[in-house]
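Enquirer: need a 3D model of the following:
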Amino acid sequence: MTLDNTWFSEPQSGSGTAFSLKITAKLHEEQSQFQKIEIYQTEHFGKLMVIDGYIMLTDRDNFIYHEMMSHPVLFSHPNPEKVLIIGGGDCGTLREVLKHDSVKLAQQVDIDERVTRLSEIHFPELCDANNDPRAELHFADGINWVKDAADASYDVIIVDSTDPIGPGEVLFSTEFYKNCHRILTKNGLVVQQSESPLLHLDSILMPMHQRMKAAGNSHTLTFNFPQCVYPSGWWSCTVGGNFDLASFRENDARNKTFNTLYYNSDIHKAATALPEFMKTTV
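Expert: Numbering: from 1, shown residues only. The predicted model follows:
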């Protein structure tokens, strides 16, 4: 991370690229028990949250990520009632999940409470559903939570995780996916952010498909979407389950009873289309 002449820059040394935002103020900085958290005001993207030097979200474009982490997988499940979110401390994914009337319980498990408390202050719109009676906020290790959960506890697991670096690497392992598979119901689905297809196809995306299948998921599917503040501006999430994931409750998605800014039934279908270089790999 560099901060020079009112610009925040996140360099990606492995790809020889960087993304920068012009900032007008630093609003907060602290070292929590687990990580360094910074909040900035930017000139054109609203507020910016940075964790350990990496851009987590901005006001302007976070809706794309949160909607794509939530609605495609929930509309792919026949009747999602119990949802587990691993990570997601900013609560944006939780908010989107609870837009679905079928959901009776949404448990969010993030290790760092400070991310949530700072989001409540600086990104209050993301925390609109925190007091929903169906929501439970737990500040604990998500890996241990999944390991200790009872069999067939959840219909959908959303792994809204950090990059597979350091402690977060375990969240991308076959062992973790096996535990997710164990605690899912018969038609259960797991989805995880799977980084940039342009930059991380060989290192993250392909291994994720392989490990999800090794863990017991007969089908996997990647959804592609733009995310300009993340490396390359092209991001993805990948779903694992035991039925044809290309099908989804299209009529329900088309006639959804809640508002979104990005997701709709056409976006859902379009997001599954693969460019030629990915067709033989995922």
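
Enquirer: so how far is Leu199 from Ser13?
Expert: When C-beta to C-beta, to the nearest Å is the yardstick, Ser13 and Leu199 sit 12 Å from each other. (Glycine included, C-beta is placed from N, CA and C.)

Enquirer: the two: who's more crowded?
Expert: Leu199 (18 against 7; other C-beta atoms under 10 Å).

Enquirer: sec struct for that one, please.
Expert: Assigned state for Leu199: helix (three-state reduction, DSSP: H, G, I helix; E, B strand; the rest coil).

Enquirer: so Thr222 bridges to which residues?
Expert: When bridges are taken as DSSP bridges, the partners of Thr222 come out as Thr238.

Enquirer: relative to Gly92, how far out is it?
Expert: For Thr222, the distance to Gly92 (C-beta to C-beta) stands at 21 Å.

Enquirer: now do the helices in this structure.
Expert: Listed in chain order, the helices of the chain (DSSP state H) span 62-76, 92-97, 113-122, 142-148, 174-183, 197-200, 206-214, 250-254, 265-271, 276-279.

Enquirer: residues of the longest one that come out buried?
Expert: Translated: helix 62-76. Neighbour-count burial for helix 62-76 flags 62-76 (criterion: 16 or more other C-beta atoms under 10 Å).

Enquirer: now tell me which helix or strand of the chain has the poorest mean pLDDT.
Expert: Using mean pLDDT, DSSP states H and E, the weakest-scoring helix or strand in the chain turns out to be strand 2-4, at a mean of 56.

Enquirer: can you pull the contacts of Pro226?
Expert: By C-beta atoms under 8 Å, 6 or more residues apart in numbering, the contact list for Pro226 reads Ile64, Gly233, Trp234, Trp235.

Enquirer: what pLDDT does the model give the last one?
Expert: With respect to pLDDT, Trp235 has a value of 98.

Enquirer: can you tell me how far the closest residue to it other than its chain neighbours sits from Leu198?
Expert: The spatially closest residue to Trp235, leaving aside those adjacent along the chain, is Gln227, at 3.9 Å (C-beta to C-beta, 6 or more residues apart in numbering). As defined by C-beta to C-beta, Gln227 lies at a distance of 12 Å from Leu198.

Enquirer: cool, Gly16 as well?
Expert: Looking at Gly16 against Leu198, where the rule is C-beta to C-beta, the gap reads 13 Å.

Enquirer: more neighbours: which of those two?
Expert: In terms of neighbours (other C-beta under 10 Å), Leu198 is the more surrounded of Gly16 and Leu198; the figures are 17 against 7.

Enquirer: tell me who's in contact with the nearest residue to the more buried one once chain neighbours are set aside.
Expert: Computed as C-beta to C-beta, 6+ apart, the closest residue to Leu198 that is not its neighbour in sequence is Ser232, at 4.5 Å. Taking C-beta under 8 Å, 6+ apart, we find Ser232 in contact with Ser15, Thr17, Ser196, Leu198, Leu199.

Enquirer: mind checking how far the nearest residue to His209 once chain neighbours are set aside is from Ile86?
Expert: Here the nearest residue to His209 in space, its sequence neighbours aside, is Thr220; by C-beta to C-beta, 6+ apart that works out to 4.7 Å. Thr220 sits at a distance of 18 Å from Ile86 (criterion: C-beta to C-beta).

Enquirer: more crowded one of these two?
Expert: Each of Thr220 and Ile86 had its neighbours counted (other C-beta under 10 Å), and the higher figure belongs to Ile86 (24 against 19).

Enquirer: residues contacting that one?
Expert: With contacts defined as C-beta under 8 Å, 6+ apart, Ile86 is in contact with Val109, Asp110, Gly142, Trp145, Val146, Ile157, Ile158, Val159, Asp160, Ser161, Leu171.
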